[in-house]
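Trainee: Just need the structure, nothing else, for what follows:
(chains A and B, ligands or ions: 2)
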Amino acid sequence: MYAYDEIDRTLVNERVSEFRDQVKRRLSGELTEDEFKLLRLQNGVYLQLHAYMFRVAIPYGTLATNQLRALAHVARKYDRGYGHFTTRQNIQFNWIKLAELPDALADLAKVGIHAMQTSGNNMRNVTSDQWAGVAPGEIEDPRIWSELIRQHTTLHPEFSFLPRKFKIAITASDHDRAAIKIHDIGLKLIRNEKGETGFEVLVGGGLGRTPFIAKTIKHFVHGRDILSYIEAILRVYNQYGRRDNIYKARIKILVHELGIEKFSREVEEEWQHIRNSSLQIDDEVIEDIRSRFSYPSYEKLPHMPDELRQAAADPDFEAWRKNSVAPHKVQGYSIVTISLKPIGKPPGDATAEQMDALADLADKYSFGEIRVGHEQNLALPHVAKRDLPALWKALDKLGLATPNVNLITDIIACPGLDYCSLANARSIPIAQELTRRFANHELANLIGRLHINISGCINACGHHHVGHIGILGVEKNGEEVYQITIGGRADEGAALGTLIGPGVKFDEVADVIEDVVEAYLALRERPEELFMDTVKRLGVEPFKERVYATR
Amino acid sequence: MPLVKGGKIVDDSFVKLAVDTPLPEGGDILVPAERFVGEADVLLKRAGKVGVIWPNNRDIDELVPYLGKVATVALVFPTFRDGRAYSQARLLRERYNYRGDLRATGQILRDQFVFMLRAGFDSFEVKKQADAEAFMQTAKRYSVFYQPTGDGRITALHRRMQLRHSEGVGT
Ligand code: HEM
Ligand code: SF4
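Mentor: Ligands and ions are numbered 1, 2, ... in the order given. Model (predicted):
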């Protein structure tokens, strides 16, 4: 956990008082809606279909229990008793009143949470691996660097009015859980031959209307140079990024139009000017940030405690353990993923009661720490294996033990027409229907790892391009139509899915997905061949045939 | 449009010339970049100060040879959403050591003052009278800064280092 000090707290409080003043000026009419819009966006406030939506940052996905309780408090006091965890390590509240927003922010500031730059054309919340610091085999805890970058990008005087939003994601593992290849800048922590820590830097990834997988711009940037290197990229982008067309304003378009070679030459030239400036980070600074992350004092525990051995007799427990419990770097501990995808419910939602209860469980079983992942699930990062059975029972009581992590019902979905003013189609009802169709755990398990991603419009908030099965809602002649892609992925092998054919109607989506899955089950060479592998081996044709032969 | 300089509302001694306005005899003038570059010799010889209005999409390197001779550089924010002039300002201050007056023009609202001050601006053509009057109060809104920029304010990282060393707990 990272602890805010007086300096961080002062900044957040100053931000809250500035926003309070801005809201006051808006309510009195001193600020026009056009002027206010950008200011509210910089504070995470959107105007949505029904009300203001408020997006709160969870930097690199780490929450302390008092912070989770504060989110529960906001849900209860200012909203309708629930919040929605998103793919950006954020939580969104959908029903907040503008006049109450400064108070909600002030309540969150008390526990070091803010909504700075969770929207708007600036550098957004820095995201990272939700297993950071506990995943076996990672180079080092990427959150130290995430925090360095969070600070550097917060209220940056040069980059708060960029051509478009800007997202940075960091991972320190070979297995990429932070989806760095679909970010404006993706950073992979590595060591060079001399054993020095640095980053492979990727640039120009993103989804939306024009999806791109990020390209490597530099194979190794030393840790001490990472801020100047990022600054160089941003300066080139700020200068040359398109502002004439909102759809072409993201850095991915600039990189694409210039070509990665030309773009990287521009960046290199800029970087040479600034790399030896005060942006250079000395080890002391990094050590200081490192020192403000606290780590649990783990016990020495057996690899296989009796409690776990005994619980293994219970098939329900085993079903959950198999897909929710992952290895931890410390013997005797595990990482537990908490599915926010109960059958028939909107993906990512959590009630205030669930958040409070989870905070209690995290205090009891996970050294007071909770993580938020881009799959819209939560995780408890340090659970002693002997506690797994008790934790499972407690989660089950809260409706938080659905054993579907990484299975077909672990669906990522944007809010779509239910909340979003940009939507062309519904997302949540599609997700709900699909979870009902595949509710049978045996079947889901037989299918194996399979990610479905749903977006209600081309903005791709549900990451549909990188879903193993992607579902995109579009509008055609006043009707909702859904395009299905297969073969996308967001991990280290990131790829965009391929369209399998013409769009299908709302009522047909679940049938079509069933067809795709049946085709896969029939086509796979052996049970271990995952959906993705079958698609890779055979391409889309056989799936297309299966789906459209009878339609 | 009120001009704020040194934290106070002041009279603007500069007259803005268009590309084709006849050159006045004396007095301070602000000239668009293309005219300035074309007529620099003539302009700089006349009595009265000369400033240049530099658009945010024109390479700032082109201005560098003249930096010792101009009385003010006015950078442009066509809308407050367009942040290119922030980069130009920092380049002028930090890379080219420009120490003269740096003026923000265009859609300048109070909510940008802190960013502009940090990027190196020191005078502001403010759009609304109320914003100009609120300058001092708004400019002091933040006491903590995370990034090093040419404005010389100490960053959070370095303040922490100082605190550590003064507490004797430095590593
Ligand atoms: C309901 C309010 C929301 C609105 C108005 C909204 C709006 C947008 C827009 C306009 C974009 C495209 C920006 C661009 O490509 O330049 C976008 C992208 C994105 N949104 Fe949302 N969004 C909303 C909710 C969400 C939610 C709930 C999630 C997560 C479940 C989310 C996650 C994302 C992500 C990850 C992207 C980036 C896709 C990419 O890589 O280009 N958004 N959003
Ligand atoms: S993908 Fe479209 S519909 Fe879904 S949340 Fe984003 S903007 Fe709204």
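
Trainee: A:I335 belongs to a helix?
Mentor: No: for A:I335, which was evaluated using DSSP: H, G, I helix; E, B strand; the rest coil, the result is strand, with no helix membership.

Trainee: Now that it has come up, it's in contact with A:A384, right?
Mentor: No: checked against Cβ atoms under 8 Å, the pair A:I335 and A:A384 is beyond contact range at 11.7 Å. Bear in mind the C-beta positions are built from the backbone N, C-alpha and C, glycine included.

Trainee: and the gap between the residue in chain B positioned nearest to ligand 2 and A:G348?
Mentor: Ligand 2 sits closest to B:R81 of chain B, with a gap of 19.7 Å, by Cβ to the nearest ligand atom. Summarising the geometry, the distance separating B:R81 from A:G348, computed by Cβ to Cβ, to the nearest Å, is 30 Å.

Trainee: Which one's more surrounded, those two?
Mentor: Looking at B:R81 and A:G348 with other Cβ atoms under 10 Å in any protein chain shown, you find the greater number of neighbours at A:G348, namely 26 against 16.

Trainee: what's the distance between A:V512 and A:T216?
Mentor: In this structure, A:V512 lies at 36 Å from A:T216, with Cβ to Cβ as the measure.

Trainee: Show the contacting residues for A:L187.
Mentor: Residues in contact with A:L187, defined by Cβ atoms under 8 Å, 6 or more residues apart in numbering or on different chains, are A:W145, A:I168, A:A169, A:I170, A:T171, A:I180, A:F199, A:E200, A:V201, A:L202, A:I226.

Trainee: how far away is the spatially closest residue to the first one that is not a sequence neighbour from ligand 1?
Mentor: I take that to be A:W145. If the residues on either side of it in the chain are set aside, A:W145 comes closest to A:I170, at 5.9 Å by Cβ to Cβ, 6 or more residues apart in numbering or on different chains. Between A:I170 and ligand 1 the distance is 16 Å, computed by Cβ to the nearest ligand atom, to the nearest Å.

Trainee: Settle this for me: A:I170 is touching A:I180, isn't it.
Mentor: Yes: counting by Cβ under 8 Å, A:I170 does reach A:I180; the two are 7.0 Å apart.

Trainee: Could you tell me which residues touch both of the two?
Mentor: Applying Cβ under 8 Å, 6+ apart, one finds that A:I170 and A:I180 are jointly contacted by A:G186, A:L187, A:K188.

Trainee: which of the residues you listed lies closest to B:V70?
Mentor: A:L187 (40.5 Å; Cβ to Cβ).

Trainee: Tell me the strands beside the helix or strand hosting the closest one, with direction?
Mentor: Assigned by DSSP states H and E, A:L187 belongs to strand A:185-191. Take DSSP bridges as the rule and strand A:185-191 pairs in its sheet with strand A:168-171 (parallel), strand A:197-203 (antiparallel).

Trainee: what about it, distance to the chain center?
Mentor: Taking the mean of its C-alpha atoms, strand A:185-191 sits 17 Å from the chain's own mean (Cα atoms, centre = their mean, to the nearest Å).

Trainee: quick one: contacts for the residue of chain B found nearest ligand 1?
Mentor: Among all residues of chain B, B:R81 sits closest to ligand 1, at 14.2 Å; criterion: Cβ to the nearest ligand atom. Contacts were defined as Cβ under 8 Å, 6+ apart; by that measure B:R81 touches A:L38, A:N121, A:F161.

Trainee: where's the dip in pLDDT among the residues you listed?
Mentor: By predicted confidence (pLDDT), the lowest-ranked of these is A:L38, with 92.

Trainee: Please look at that residue and B:D82 and confirm they touch.
Mentor: No: under the criterion of Cβ under 8 Å, A:L38 makes no contact with B:D82, lying 11.1 Å away.

Trainee: Can you tell me which of the shared contacts of A:I170 and A:I180 is closest to ligand 1?
Mentor: Each of the shared contacts of A:I170 and A:I180 was checked against ligand 1 using Cβ to the nearest ligand atom; the closest is A:G186, at 11.2 Å.

Trainee: Let's see the pLDDT reported for the closest one.
Mentor: Predicted confidence (pLDDT) for A:G186: 98.

Trainee: Then the one 3 residues further on?
Mentor: Predicted confidence (pLDDT) for A:L189: 98.

Trainee: Let me know how buried it is, in neighbour terms.
Mentor: Neighbour count of A:L189, defined by other Cβ under 10 Å: 25.

Trainee: Confirm for me that it is in contact with A:R143.
Mentor: No: A:L189 lies out of contact with A:R143 (Cβ under 8 Å); the separation is 10.6 Å.

Trainee: any chance of the contacts of B:R81 in a markdown table, plus secondary structure, neighbour count and distance to A:V466?
Mentor: Conversion of these to a markdown table gives the following (DSSP: H, G, I helix; E, B strand; the rest coil; neighbours: other Cβ atoms under 10 Å in any protein chain shown; distance: Cβ to Cβ, whole Å):
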| residue | secondary structure | neighbour count | distance to A:V466 |
| --- | --- | --- | --- |
| A:L38 | helix | 19 | 30 |
| A:N121 | coil | 24 | 23 |
| A:F161 | coil | 23 | 29 |
